[in-house]
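**Q** A predicted structure for the sequence below; I have some questions about it.
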Amino acid sequence: MRLSRKAKGEYQVEVSKDYDPLKIEPKWQERWEELDVYRFDREDKKKPTYVIDTPPPYPSGEFHMGTALNWTYFDIVARYKRMRGFNVLFPQGWDCHGLPTEVQVEKSYGIRKGDLPPEKFRGLCVKLTEENIKHMRKEMNSLGFSIDWSTEYRTMDPDYYRRTQLSFVQLYKRDLIYRGEHPVNWCPRCETAIADAEVEYEDREAMLSYIKFKLHGENEYLTIATTRPEYLPACVVVAVYPGDKRYKKHVGKKLEVPPFGQVVGLIEDHEVDPEFGTGVVMVCTFGDKTDVRWVKRHKLPVVKLIDEKGKMSEAADKYAGLTLEECKRAIVDDLRKAGLLVKQEKLTQSVGACWRCETPVEILTKPQWFMRVLDLKDKVIEGAKRVRWVPEHMRRRLIDWAESMDWDWVISRQRIFATPIPAWYCTSCREPVVAEERQLPVNPAKVKPPVERCPKCGGESFEPEQDVLDTWMDSSITIAVHAGWPELDRRLFPADLQPNGTDIIRTWDYYLLVRHLALLGEAPYRTVLINGMVFGEDGRKMSKSLGNYVDTTVARGKYGTDALRQWAAIGASTGSDIPFSWKDVDFGYRFMRKFWNAARFAGPHLNARIAGLDPKKLKFRPVDRWILSRLNRLIEQVTGWLEDFQFNHALGAIQTFVWHELCDMYIEEVKHRLYGDDPTSDAARYALYHVMLTAAKLLAPFTPHFSEEVYQTHFAKDHPYPSVHVLSWPEVNKKFIDESAERAGELTNLIIGALRQFKSERKMALSRELPSVEIYASSREVAKRLKEVGDDIAGTMRVGKLSIKVGEPKLTERVLAVEPELAKLGPRLRADVKLIVQALREAKPEDLAKRLVKGKLKLRAGGKRFELAFEDVRVIKETVSAGRKVEVIDIQKPALTLLITSS
RNA sequence: GGGCCCGUGGUCUAGUGGUUAUGACGUCGCCUUGACAUGGCGAAGUUCCGGGGUUCGAAUCCCCGCGGGCCCA
């Protein structure tokens, strides 16, 4: 942009025709950082606070489009709330620990976790994490998120995991954390226990084997069906549905399990599906979660069949050391040879797999640490009911999840890159000793336990806990941590907003709720804001493997992040899944260019003098009052929608207002006043000034860079504020909301629209002058209102003489010609058509028309007689009013007739 | 198998009892007007997945069916 001095002494801003986001966005991102506009002011005790608990992303190095959607939602809220005068805490953290990084390290160095000393392995994980964070931080800044980086935290830092450990110690003291031996989900590849939330189910093809079990002491067999014959060595009982007629007589008898021949009982249980297979099921320890329930219910023994690496243990006898797959094949072969395999059939089965490496999960029993989440179930549900959910129906998902919990949460992991569990064991009696709070943060491998002797057996020798905590133990206390816990700042707790995607309600929202309820006794957030999943342009969930993946860098590479943010805001209603759409991004850019050009037009009229005018002294025309009224209604609506997180409605309303009401109508309607010596021109300038500045402010949460550029180019010179983002949100000025002005404006637009259409239909240039337009109104009221807006209509549409009358016009019709329909007559009359043409031309049109109305038109021509029907000719007429030819437009609601003299 | 959500012009989408059913993209026609032709004006196109019901009145509520999605088992 360049400033040049105009003759009148006012500055004219020469603004380029195109808005170039790729150049402008980085410029403002740097400037905002210099200005520190997003700083949360910890010292300020006056302003109300607004706390957004942003879910710390896993530093995978890549920023997914779904995360971009998520962040756009809460960035809009953060920016809006700042403008509303809140001291906004918008922190950014990183959920560093966990398997994916370990897996990535193992992959890139070609090692397994046990190949290096833990400290070294952890060092590689930290290094990788830091690199990934660097990438992601850069991308987040480029996406324009208003993050206060002074609040950045990393769960792998001692200051953070000190608090994770503190929460462990406190919950242990309250008996909400305990050590126990229970079945857990186990990933044999990652060699660790994992929580239910980390198990993902997918359909896989399996083989259902029908295997004969001999009835002990009889010469008869029962056939069971199983997909997991490798579990035969751990079969502890066989079960049928209660009262199943086929098997009733055998219940209570003993069976011999092939191929080892161990003898087990036959029991009844209602969880057996009599329709599946043969209706006889073997219960093993543990083929699946149902087995776990059966073992518990019927107090069955547990055989440890599988080891940590997924191999068969000694319990598998001659199959020991084989992998599950190898064992399955060997056993099936042996059964076949023994004639005990009846048949096999294919079956699609849902298999639980590790969320990270997709290895099928096994169920093992090992001593682990657990949190008593089952005891907190009612409190969690109660909490979920009290919180506000957007959209409302998402609450159901959390409640359903909480209700479906059937195991306590296993919080220990047999991994390395995670928060150490602050505990030791007595080497003689295995009694755990948990750290004192003052010791934290602690690595038990390097520090001695807080006691000299084992409180249980008096032993003096201890060994450190080697297990680590589930990463959700880190990230489920973020809200307390933001608020300074353990010194809790009540102004920052509970958080006002908890935003995340539908897919992590069961993890993120649930764990936050259960941990804070356990620690602090209250729900940690007031409102949960849910965003949907991002789909590819093909309508399927966006993922690299489906080939519909769009990187955020690519998505913002075309028209910048403000265009992309508009897609995020307007692509779907809040909570709905949203397909990525280039055309929405394109539209976002076109919208900005449209506004940019409107501002370019208005620019020379916007200055301090205009801003300072007293509206009471201005000669507003009805169109000015109309646009100001519409503007204030817009402020009211957009504010309401933002309070309700309805981003699509809010942005849609602003776009429609700017493009159609401001650009298409208002600006066109005031041009004629701005160029001449119109005494009302300052009123138009005043309206333009406020409409454009307010629109820029309303857009600031959605298109922060664009709004800033508009503000800096046209308004900053008259304002003491360094950025549009420190301005306050527009207030509704009720004085400008004016029902009758809106009706006058609508009437003006209605007539201008009709005249535009008229010109368009007649292929006239819109700038062509219409010498005269008469408007007949059906009522005095409408005529009166029309008189008020007559100058606006005439000025905008270039009407020479505009007159307004009450009543209906006196119109007569004049027949100009009666012309033959050659397409009809040609085929019928052949060469005689020429005679008809001649005859019609020679006769008087009025006369022909009269005869036609009576019926057939009889003609003599060239000595022949012809009869023409109505459809054989076209009657060309014109409308005449007071002796002049006019064209007529009829409008309904309100009933108006426009008579136009166009030539 | 369960819970929840959804099914609207060619495509995506707004719309929870009364609107000429919203908007965008696309299509077609016209217009260079002093911000924008990367623009403007206008047109065509859906009867709201199917069936049944409630109601004076349903895209909107209820039931059944079909199809899709998310989460879970």
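**A** That came through fine.
**Q** which bits of the stretch 101-250 of chain A sit near RNA strand B?
**A** The stretch 101-250 of chain A comes close to RNA strand B at residues A:196-197, A:199-201, A:203, as judged by CB under 7 Å from any atom of the strand. Yep, even glycine has a C-beta here, placed from its N, CA and C like the rest.
**Q** Try it again at 10 Å.
**A** A:185, A:195-203 (CB under 10 Å from any atom of the strand).
**Q** And stretch A:672-683, how far out from the chain middle?
**A** Taking CA atoms, centre = their mean, to the nearest Å, the mean C-alpha location of stretch A:672-683 is offset from the chain mean by 46 Å.
**Q** How about that stretch, which residues are buried there?
**A** Judged by neighbour count (16 or more other CB atoms under 10 Å), stretch A:672-683 contains these buried residues: A:672-674, A:678, A:680-683.
**Q** Quick one: residues in contact with that stretch.
**A** With contacts defined as CB atoms under 8 Å, 6 or more residues apart in numbering, stretch A:672-683 is touched by A:605, A:610, A:613, A:618-621, A:624, A:684-685, A:795-796.
**Q** ok, 7 Å please
**A** The contact list for stretch A:672-683 (CB atoms under 7 Å, 6 or more residues apart in numbering) reads A:605, A:610, A:613, A:618-621, A:624, A:684, A:795-796.
**Q** Just the buried residues of the helix ranked longest in chain A, please?
**A** Ranked by residue count under DSSP state H, the longest helix found in chain A is helix A:118-142. By 16+ other CB under 10 Å, the buried positions in helix A:118-142 come out as A:118, A:121-122, A:124-126, A:128-129, A:132-133, A:136-137, A:139-142.
**Q** among the buried residues of stretch A:672-683, which two are most distant?
**A** A:His672 and A:Asp682 (14.8 Å; CB to CB).
**Q** Which members of the contacts of stretch A:672-683 define the maximum pairwise distance?
**A** Greatest spacing in those, by CB to CB: A:Leu613 and A:Thr796 (23.2 Å).
**Q** between those two, which one's more packed in?
**A** Set side by side, A:Leu613 and A:Thr796 show more neighbours around A:Thr796, with 24 against 14, by other CB atoms under 10 Å.
**Q** from memory that one sits against A:Glu668, does it?
**A** Yes: between A:Thr796 and A:Glu668 a contact is recorded at 5.8 Å, counting by CB atoms under 7 Å.
**Q** what comes into contact with the helix or strand where A:Leu166 lies?
**A** Counting by DSSP states H and E, the element that carries A:Leu166 is helix A:158-173. If you take CB under 7 Å, 6+ apart as the criterion, helix A:158-173 is touched by A:153-155, A:177, A:371, A:419, A:421-422, A:434-435, A:437, A:440-442, A:469, A:473-474, A:477, A:481, A:485-486, A:515, A:518-519.
**Q** Using neighbour counts, pick out the buried residues of that helix.
**A** Neighbour counts over helix A:158-173 (16+ other CB under 10 Å) mark A:160-169, A:171-172 as buried.
**Q** So which of the buried residues of stretch A:672-683 reach RNA strand B?
**A** Checking the buried residues of stretch A:672-683 against RNA strand B by CB under 10 Å from any atom of the strand, the ones in range are A:672, A:674.
**Q** Any chance of the buried residues of stretch A:672-683 in JSON lines with distance to A:Val237, pLDDT and secondary structure as columns?
**A** Conversion of those to JSON lines gives the following (distance: CB to CB, whole Å; pLDDT from 0 to 100; DSSP: H, G, I helix; E, B strand; the rest coil):
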{"residue": "A:His672", "distance to A:Val237": "93", "pLDDT": "89", "secondary structure": "helix"}
{"residue": "A:Arg673", "distance to A:Val237": "92", "pLDDT": "90", "secondary structure": "helix"}
{"residue": "A:Leu674", "distance to A:Val237": "91", "pLDDT": "89", "secondary structure": "helix"}
{"residue": "A:Asp678", "distance to A:Val237": "96", "pLDDT": "86", "secondary structure": "coil"}
{"residue": "A:Thr680", "distance to A:Val237": "94", "pLDDT": "91", "secondary structure": "coil"}
{"residue": "A:Ser681", "distance to A:Val237": "94", "pLDDT": "92", "secondary structure": "helix"}
{"residue": "A:Asp682", "distance to A:Val237": "93", "pLDDT": "94", "secondary structure": "helix"}
{"residue": "A:Ala683", "distance to A:Val237": "90", "pLDDT": "95", "secondary structure": "helix"}
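**Q** Tell me the one among the buried residues of helix A:118-142 nearest to A:Pro494.
**A** Nearest to A:Pro494 out of the buried residues of helix A:118-142 is A:Met140 (CB to CB; 25.0 Å).
**Q** picking up where we left off before, ok, of the contacts of stretch A:672-683, which come out buried?
**A** A:605, A:610, A:618, A:620-621, A:624, A:684, A:795-796.
**Q** Let me know the helix or strand that the closest residue to RNA strand B within chain A is in.
**A** Using CB to the nearest atom of the strand, the single residue of chain A nearest to RNA strand B is A:Phe601, 2.8 Å away. Taking DSSP H and E as the criterion, A:Phe601 maps to helix A:582-602.
**Q** Any regions of chain A where pLDDT drops low?
**A** For chain A, the stretches with pLDDT under 70 are A:1-14, A:822-825, A:827, A:871, A:892-893, A:902-903.
**Q** Geometric centre of it: which residue is closest?
**A** Geometric centre of chain A, nearest residue: A:Asn531, 3.6 Å, by CA atoms, centre = their mean.
**Q** List the residues that contact that residue.
**A** A:Asn531 is in contact with A:69-70, A:73, A:501, A:575, counting by CB under 7 Å, 6+ apart.
**Q** out of the residues you listed, who's near RNA strand B?
**A** Restricting the contacts of A:Asn531 to those near RNA strand B by CB under 10 Å from any atom of the strand leaves A:501, A:575.
**Q** Could you export the contacts of A:Asn531 to CSV, including columns for secondary structure and distance to A:Arg590?
**A** What follows is those, written out as CSV (DSSP: H, G, I helix; E, B strand; the rest coil; distance: CB to CB, whole Å):
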residue, secondary structure, distance to A:Arg590
A:Leu69, helix, 21
A:Asn70, helix, 26
A:Tyr73, helix, 23
A:Gly501, strand, 29
A:Gly575, coil, 27
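**Q** How about the host helix or strand of A:Asn185, which residues are buried there?
**A** Using DSSP H and E, A:Asn185 falls within strand A:177-187. For strand A:177-187, a neighbour-count test (16+ other CB under 10 Å) marks A:177, A:179, A:183-187 as buried.
**Q** Pull the number of nearby residues for A:Pro820.
**A** By other CB under 10 Å, the residues close to A:Pro820 number 19.
**Q** what is it paired to in the beta sheet?
**A** On the basis of DSSP bridges, A:Pro820 is bridged to A:Val873.
**Q** ok, it to A:Ile24 distance?
**A** 64 Å (CB to CB, to the nearest Å).
**Q** for A:Ile177, same thing?
**A** Separation of A:Ile177 from A:Ile24 (CB to CB) stands at 52 Å.
**Q** quick one: A:Leu376 and A:Leu898, what's the gap?
**A** Distance from A:Leu376 to A:Leu898, by CB to CB: 73 Å.
**Q** in stretch A:99-108, what counts as buried?
**A** In terms of neighbour count (16+ other CB under 10 Å), stretch A:99-108 has its buried residues at A:99-106.
**Q** Ok, stretch A:782-802 next?
**A** Judged by neighbour count (16+ other CB under 10 Å), stretch A:782-802 contains these buried residues: A:782-783, A:785-786, A:788-797, A:799, A:802.
**Q** Is RNA strand B within reach of that stretch?
**A** Yes: contact between stretch A:782-802 and RNA strand B, assessed by CB under 10 Å from any atom of the strand, occurs at A:795-798.
**Q** got it, and stretch A:685-698?
**A** No: residues of stretch A:685-698 contacting RNA strand B under CB under 10 Å from any atom of the strand: none, with a closest distance of 10.8 Å.
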